[in-house]
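Colleague: sequence? don't have it. structure:
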């Protein structure tokens, strides 16, 4: 089976490409660097020729509200036009747990992901939307999104982060299964307040900054309720908890853990 991975050179994309190739499939890792650009449409028709399955793992290069909305709207329309020409039988996309929740509607990124999901469901191509919780790999980015050199104010809302390896395993399995024509959810095995998780990460890498637990602190533009970022019952749970994930990171290998 020929499979096209949009965003095939990214964190999740590269892992999914490897897994699908090990299953014996013909996999094209599509990205602007390989001459396939979903935003401009460049190379899409050629990439899709003969494809049975498309897995969309691309993300906007800019998280500004209008930029991210334009990215998902434009790239989605370009992808579906090319997929229909090629007769693609299954479209899989990675989304975010909570896109449909009112508490997160003030986040421009979450609104854009909701628009992306609506485009997918209306495109007329069998599909599976995999909603994931935040990745462990992005804890550092969350820490860098606000605060100063001494302290960071972060929400007390719960999160249930998942390792990128577990995300890739799940996306691969859903891609090779029949389309669900709806959404599925994936998450890590444990939940904890966002502020506590980031503080644990900073301590593990030897970062002296203090995290201040602040119920009013915004998470990418949204004030979180306690369960805003949590999956519903029945979500597929990854195997790696924080420590198991951290032990695989460059931080642990370089001996920076405290």
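Modeller: Thanks, I have it. Predicted model only: the values in this text are computed from it and were never measured. Numbers count the residues shown, from 1 in each chain.
Colleague: Give the buried residues for stretch 11-18.
Modeller: Burial within stretch 11-18, assessed by neighbour count using 16 or more other Cβ atoms under 10 Å, is assigned to 12, 13, 14, 15, 16, 17. All C-beta spots, glycine's among them, are computed from the backbone N, C-alpha and C.
Colleague: Let me know the secondary structure of the third one.
Modeller: What DSSP: H, G, I helix; E, B strand; the rest coil gives for residue 14 is helix.
Colleague: so it touches residue 29, yeah?
Modeller: Yes - with contact defined as Cβ atoms under 8 Å, residue 14 counts as touching residue 29 (7.2 Å).
Colleague: if I look at the two, which residues touch both of them?
Modeller: Taking Cβ atoms under 8 Å, 6 or more residues apart in numbering as the contact rule, the neighbours common to residue 14 and residue 29 are residue 8.
Colleague: Residue ranges in the stretch 101-250 of the chain under the pLDDT threshold?
Modeller: Across the stretch 101-250 of the chain, residues meeting the criterion (pLDDT under 70) sit at 145-149.
Colleague: Which parts of it are helices?
Modeller: 108-122, 139-143, 164-176, 194-204, 242-246, 250-253 (DSSP state H, counting those that start in this stretch).
Colleague: Okay, buried residues for the longest helix seen in the chain please.
Modeller: Among all segments of the chain classified by DSSP state H, the helix with the greatest residue count is helix 65-86. By neighbour count, with 16+ other Cβ under 10 Å as the criterion, the buried positions of helix 65-86 are 68, 69, 71, 72, 75, 76, 78, 79, 80, 82, 83, 86.
Colleague: what pLDDT, on average, does that helix get?
Modeller: Per-residue confidence for helix 65-86 averages out to 96 on the pLDDT scale.
Colleague: which other residues reach that helix?
Modeller: The contact list for helix 65-86 (Cβ under 8 Å, 6+ apart) reads 6, 38-41, 44-45, 47-51, 54, 56, 58, 60-62, 91, 108-109, 111-113, 115-116, 119-120, 123-125, 221.
Colleague: picking up where we left off before, adding distance to residue 186, write the buried residues of helix 65-86 out as JSON lines.
Modeller: As requested, the buried residues of helix 65-86 are arranged in JSON lines below (distance: Cβ to Cβ, whole Å):
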{"residue": "68", "distance to residue 186": "22"}
{"residue": "69", "distance to residue 186": "24"}
{"residue": "71", "distance to residue 186": "23"}
{"residue": "72", "distance to residue 186": "20"}
{"residue": "75", "distance to residue 186": "22"}
{"residue": "76", "distance to residue 186": "21"}
{"residue": "78", "distance to residue 186": "27"}
{"residue": "79", "distance to residue 186": "22"}
{"residue": "80", "distance to residue 186": "24"}
{"residue": "82", "distance to residue 186": "27"}
{"residue": "83", "distance to residue 186": "24"}
{"residue": "86", "distance to residue 186": "28"}
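Colleague: Show me which of the residues you listed is closest to residue 166.
Modeller: residue 72 (24.0 Å; Cβ to Cβ).
Colleague: For the closest residue to that closest one other than its chain neighbours, grab the count of nearby residues.
Modeller: Distance criterion Cβ to Cβ, 6 or more residues apart in numbering; nearest residue to residue 72, sequence neighbours excluded, is residue 116 at 4.0 Å. Other residues near residue 116 number 23, with proximity taken as other Cβ atoms under 10 Å.
Colleague: Now for residue 116: which residues touch it?
Modeller: 72, 73, 76, 93, 95.
Colleague: The same query, at a cut-off of 7 Å, please.
Modeller: 72, 76, 93, 95 (Cβ atoms under 7 Å, 6 or more residues apart in numbering).
Colleague: Now for those residues: which two are most distant?
Modeller: Taking Cβ to Cβ as the measure, the contacts of residue 116 span a maximum distance of 11.7 Å, between 76 and 95.
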